[in-house]
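Participant: no letters, just coordinates:
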């Protein structure tokens, strides 16, 4: 009999798909390096990864076929009625929202940031330029918070793993020979509640330090015990964008370089890599031992 897919099955399906996609991206990257050389590949590596993801979904989801992960756990995509397969346009919309929109958003923010930092042809006052540059990390952090909140909701309700599936109303069903135990979702629900509480407490704590910093009218350092939002200058009002950490939004301390060329605080990027070994900005994956701590790089603060 068919019934809504469980949380564990959906997670295993996406883990299997991620593993297969990583192999596909590696194959595409090796092919691109052989044909065009390492320099061209480095310049277009994110675009090639997106192309690999799109091709995979076009050959599976958009062609009315199961992905490797879906076939692995025997789940099928359906519409909101759980009785019919999603229409072609709904599958195509899901593919665009899941793969293309995040890439376009990240690329647009990076290009806008580089344009504001280097171009002199933009008709903006220095103050307006600085305000926009200060808002860009906030936009990135907002997107990250939305993803974390959505993931917590998935653990609690066990329906939509991706935001794209929630927006398009695409569900999963599974063929099962026996009823699923009512307690099978309880561990995931507890995990979702804990994730949501951790997110809310982190946001409230960070907001509290921002309010204190703005009230005092000076830069404030977060204490070392605050591991959710790392040690940094939190007011951000007089910090040049070139000296700001994209994770904590404060002045960088012990600047650290990632293999993709982005700069973070040493503590920021290390705490980030505990859960995700990838660049928070461009999503380029790398092992922690590839991080480079820059010596005598940070400007000396005048007090």
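Facilitator: Okay, I see it. Source: prediction; values computed, not measured.

Participant: and the helices in this structure, which stretches?
Facilitator: Taking DSSP state H as the criterion, the chain carries its helices at 7-36, 38-59, 68-73, 88-95, 101-118, 126-157, 163-168, 186-216, 266-275.

Participant: residue 256: which of those is closest?
Facilitator: Closest to residue 256 of these is helix 266-275 (Cβ to Cβ; 4.6 Å). (Glycine included, C-beta is placed from N, CA and C.)

Participant: other SSEs contacting the closest one?
Facilitator: With contacts defined as 3 or more Cβ pairs under 8 Å, 6 or more residues apart in numbering; DSSP states H and E, the packing partners of helix 266-275 are strand 255-257.

Participant: and the helix or strand bottoming out on mean pLDDT in the chain, which residues are buried?
Facilitator: Least confident helix or strand, the chain: helix 186-216 with a mean of 81, by mean pLDDT, DSSP states H and E. Across helix 186-216, burial judged by 16 or more other Cβ atoms under 10 Å covers 188, 192, 195, 196, 199, 202, 203, 206, 209, 210, 213.

Participant: same list (those residues) but as JSON lines, adding distance to residue 77.
Facilitator: Formatted as JSON lines, these follow (distance: Cβ to Cβ, whole Å):
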{"residue": "188", "distance to residue 77": "21"}
{"residue": "192", "distance to residue 77": "23"}
{"residue": "195", "distance to residue 77": "25"}
{"residue": "196", "distance to residue 77": "27"}
{"residue": "199", "distance to residue 77": "29"}
{"residue": "202", "distance to residue 77": "34"}
{"residue": "203", "distance to residue 77": "33"}
{"residue": "206", "distance to residue 77": "38"}
{"residue": "209", "distance to residue 77": "44"}
{"residue": "210", "distance to residue 77": "42"}
{"residue": "213", "distance to residue 77": "47"}
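
Participant: what's the nearest residue to the residue nearest to the spatial centre of the chain if we skip its chain neighbours?
Facilitator: The residue lying closest to the centre of the chain (Cα atoms, centre = their mean) is residue 144, at 5.8 Å. Take residue 144 and drop its neighbours on the chain: the residue closest to it by Cβ to Cβ, 6 or more residues apart in numbering is residue 280, 7.5 Å away.

Participant: what of residue 265?
Facilitator: Ranked by Cβ to Cβ, 6+ apart and with sequence neighbours excluded, the top spatial neighbour of residue 265 is residue 245, at 4.6 Å.

Participant: contacts only, for residue 154.
Facilitator: Taking Cβ atoms under 8 Å, 6 or more residues apart in numbering, we find residue 154 in contact with 7, 10, 160, 161, 192.

Participant: phi, psi for the residue nearest to the first one when sequence neighbours are not counted please.
Facilitator: Okay, so that is residue 7. Using Cβ to Cβ, 6+ apart and skipping the chain neighbours, the partner closest in space to residue 7 is residue 158 (3.6 Å). Dihedral angles of residue 158 (phi, psi; degrees, to the nearest 10) stand at phi 70, psi 40.
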